[in-house]
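>>> Coordinates for the following, if possible.
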Amino acid sequence: MRNRNMQITYFLTHPIQYQSPLIRHLYANGVDIEVCYASDANSRSFYDAGFGKKIVWDIPLLEGYPHRILNRDEPLGRRAQQVAHYTRQLDKVIQGKKPGAIWVHGWAHPFNAAVWSVALRHQIPLMLRGETFIGCVRGGRLKKLAHMLVFTRRFRKVAAFLAVGTLNRQMYRAYGVPSGKIFDVPYAVDNFFFQRRCLEAAPHREQFRAALGIESGRPVILFCAKLIAVKDPATLIRAVGRLVNARQHGNHVLTNAATAGSAILKPVLLMVGDGALKPELEALADEVAPGLVKFLGFRNQTELPALYDLCDLFVLPSIFEPWGLVVNEVMNAGKPVIVSDKVGSGSDLVRPGVNGDVFRAGDVDDLYAKMGRWLQNDAMRVDGGLESLKIIQNWGFVQDHLGLRAALNALRERVLN
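Predicted coordinates:
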């Protein structure tokens, strides 16, 4: 039964492939939630600047929960004009149906700025969720201090913080938020969807491998992200090249003999994604890792589980990554993961030496060494994958639901008192 005393309106800039499954889960499990989108552009064919192409998501984004859409496309004009446009729309939304609480994701977008303003003016409790952590604040000491001062004041106006992970929670605490106002609503994906799809793909793994032209038994390293600078795919390509030329560097990480009970073959790196750097990365691969890198282009949501199932090791080498939900996805396939120390999810999901490793962002030598120890031991990869699956089982929509309920209960108690 839905609690009509605490109806939530969740304000989002646009339909998001990671958010819609969570919203459906919450609504199906009794949360009285409606979503208000600034626009619905991403639910249709749209141009993604990062991928550098038009895409259409192949999973439903607007089904299974109540929602309204304010604009077909984002309004044009300066930021102040956009905020004013959204504010007028949101005032009408609130006047038509005043919710018990407003949930907003982030604060940077003009739509989110308008949501903050309207919530405070109408005296509706504001719940904030976002993936930012202190390491995301760029600039020197003065800029970081200014950011802290500004948001310490702004955060005082927020009724509840829905922390997506440890680093996110630490930022709120560092900015003066009392622990009693922070609730754990972890950044999660639809674990059931990815686990089911990976299981369905497993019986066809060898056929898929053959279709991609990968020899049986050859270790597969997977990269899945936009081919843009902040994802730093070049460091990964260089590290793979170094793996197979280990003898030139005085380190026999990979050989042609059996080591640690495993016959080591040259790995293949699958680059899944598209973007402006693709021609440059193809040239780099030809230079430092000839014949070892396959560029597979953009793959949609329903295509990814088969790739997660196929790989032996997943690597996300980003130099800036507030979270990295792709890490959650591949862990549902039971695979070890290596991330840079700039990937926010690493603090919660990656346990070095247990289900993967963390390397220094941009450091080819460190990544080379970390990959080498996982690739040279089949048993270690199997055990690490099982650990990944155990960890992600407790990092999903069930935990999100519990955390959100705790936040709503706390808000209700404050109103009653």
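>>> Could you find the residue nearest the spatial middle of this protein?
The chain has residue 325 as the residue nearest its centroid, 2.3 Å off, counting by CA atoms, centre = their mean.
>>> In contact with it, which residues are there?
Shown in contact with residue 325 (CB atoms under 8 Å, 6 or more residues apart in numbering): 18, 187, 189, 345. From N, CA and C alone the C-beta is placed, and that goes for glycine too.
>>> With residue 75 instead?
81, 82, 85, 86.
>>> Distance check, the third one against residue 102.
Summarising the geometry, the distance separating residue 85 from residue 102, computed by CB to CB, to the nearest Å, is 18 Å.
>>> Output the lowest mean pLDDT helix or strand found in this structure.
Every helix and strand of the chain was ranked by mean pLDDT, DSSP states H and E. The lowest is strand 258-259, at a mean of 34.
>>> Grab the longest strand from the protein for me.
strand 33-39 (DSSP state E).
>>> picking that back up, which of the contacts of residue 325 lies at the shortest distance from residue 166?
residue 345 (9.7 Å; CB to CB).
>>> Which one's more surrounded, residue 85 and residue 102?
residue 102 (25 against 20; other CB atoms under 10 Å).
>>> Residue 123 is in contact with that one, correct?
No - Residue 102 sits out of contact with residue 123 when judged by CB atoms under 8 Å, with a separation of 10.7 Å.
>>> Any buried residues in stretch 74-82, and which?
Buried residues in stretch 74-82, counting neighbours by 16 or more other CB atoms under 10 Å, are found at 74, 75, 82.
>>> Tell me the buried residues in stretch 99-110?
Neighbour counts over stretch 99-110 (16+ other CB under 10 Å) mark 99, 100, 101, 102, 103, 104, 105, 106, 107, 109, 110 as buried.
>>> Which of the residues you listed sits closest to residue 136?
residue 106 (11.5 Å).
>>> Keep only those of the buried residues of stretch 99-110 that are in strands.
Secondary structure defined by DSSP E assigns 101, 102, 103, 104, 105 of those to strands.
>>> coming back round to it: in CSV, list the contacts of residue 325 along with pLDDT, neighbour count and secondary structure.
Shown next, in CSV, are those (pLDDT from 0 to 100; neighbours: other CB atoms under 10 Å; DSSP: H, G, I helix; E, B strand; the rest coil):
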residue, pLDDT, neighbour count, secondary structure
18, 91, 16, coil
187, 98, 26, coil
189, 97, 23, coil
345, 97, 27, coil
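>>> Out of those residues, give me the two with the largest separation.
By the measure CB to CB, 18 and 345 form the most distant pair in the contacts of residue 325, at 12.6 Å.
>>> For the lengthiest helix in the chain, list every residue counted as buried.
Scanning the chain for the longest helix, with DSSP state H as the assignment, gives helix 397-416. For helix 397-416, the neighbour count (16+ other CB under 10 Å) marks 397, 400, 401, 403, 404, 405, 407, 408, 411, 412 as buried.
>>> ranges for the strands of the stretch 251-400 of the chain?
Under the criterion DSSP state E, counting those that start in this stretch, the stretch 251-400 of the chain contains strands at 258-259, 262-263, 268-272, 293-297, 313-316, 337-340, 356-359.
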